[in-house]
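Engineer: Next come a sequence and a model predicted from it.
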Amino acid sequence: MKRFLGVLLVLGTLALLAPLAHAATSDNATVTLAASANAVVQVLDPVITLVPNATDYGNDYVEVTGASGLRVRVKSNSTTGMILKIRCPDATPQIALADLFVRTQTAAGTGGSTMSTYTAITAVDQNLWSTTVSQGPWATVTSDVRVQNLFNYNDAVGGGTTNYSNTLTYTVVAQ
């Protein structure tokens, strides 16, 4: 009986100690994000209509400026910044490119530049705004638009208006 109790005592002790005897091991894994320079543009005002009045015809141009202009948002994670470009890709623009002008009064980003005076739009990219550092939160860039030589754009007799439209393309490039 003593032997039976002894065996039972040894088995009971082993049963209590068995969970404590499990071996544990650990190791590490590494997660790597391979980020590359990227830039994003978002057009906030996809359509704008310039409606000349008598004063505009007297000046021979109509324009929209400031908050009334075309707004785009840009951001980039490039440590060397980005350039916002603008062009008119229309094969046969209805508004002559020599009559369609753009500029921005938005201050350039750190170390960047802006097209701060009215410049005729072209079919190839023109630098509108830039920065030389990353632009984490969205930056809003507003384009002022001017159309000159208003008497070159005829309207049919009988009321109403005749619309002349061009497409402007904004491109942002990480530097």
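Structural biologist: Perfect, thanks for sending it.
Engineer: Angles on the backbone of the residue nearest in space to the middle of the chain, please.
Structural biologist: Nearest to the geometric centre of the chain sits Val41, at 2.0 Å (Cα atoms, centre = their mean). Main-chain dihedrals, Val41, degrees, to the nearest 10: phi -130, psi 140.
Engineer: Would you confirm that Thr167 contacts Ile86?
Structural biologist: No: using Cβ atoms under 8 Å, Thr167 is not in contact with Ile86, being 11.1 Å away. C-betas here are computed from N, CA, C, even on glycine.
Engineer: Please say which of those two ends up with more neighbours.
Structural biologist: The residue with more neighbours, out of Thr167 and Ile86, is Ile86; 23 against 11, by other Cβ atoms under 10 Å.
Engineer: And the residue lying closest to that one once chain neighbours are set aside, how far from Thr114?
Structural biologist: Nearest residue to Ile86 in three dimensions, chain neighbours excluded: Leu128, at 4.7 Å (Cβ to Cβ, 6 or more residues apart in numbering). Distance, Leu128 to Thr114, by Cβ to Cβ, to the nearest Å: 7 Å.
Engineer: How about Thr140?
Structural biologist: Taken as Cβ to Cβ, the span from Thr140 to Thr114 is 13 Å.
Engineer: Surely Tyr57 is within a helix?
Structural biologist: Yes: counting by DSSP: H, G, I helix; E, B strand; the rest coil, Tyr57 is located in a helix.
Engineer: Offset the numbering so it begins at 568, please.
Structural biologist: Yep, numbering from 568; the last one is Tyr624 now.
Engineer: burial count for it?
Structural biologist: When counting by other Cβ under 10 Å, one arrives at 12 neighbours for Tyr624.
Engineer: how about the closest residue to it other than its chain neighbours, what does it touch?
Structural biologist: Of all residues not flanking Tyr624 in the chain, Leu717 sits nearest, at 5.6 Å (Cβ to Cβ, 6+ apart). With contact set as Cβ atoms under 8 Å, 6 or more residues apart in numbering, Leu717 has these partners: 619, 623-624, 627-629.
Engineer: again, only this time at 10 Å
Structural biologist: 617, 619, 623-629, 666 (Cβ atoms under 10 Å, 6 or more residues apart in numbering).
Engineer: So what does it have for phi and psi?
Structural biologist: Torsion angles, degrees, to the nearest 10, at Leu717: phi -60, psi -30.
Engineer: Give me the local confidence score for it.
Structural biologist: pLDDT recorded at Leu717 is 97.
Engineer: Counting neighbours, which bits of the strand ranked longest in the chain end up buried?
Structural biologist: Longest strand in the chain by number of residues, with DSSP state E as the criterion: strand 702-715. Using 16 or more other Cβ atoms under 10 Å as the burial criterion, the residues of strand 702-715 that qualify are 702, 706, 708-715.
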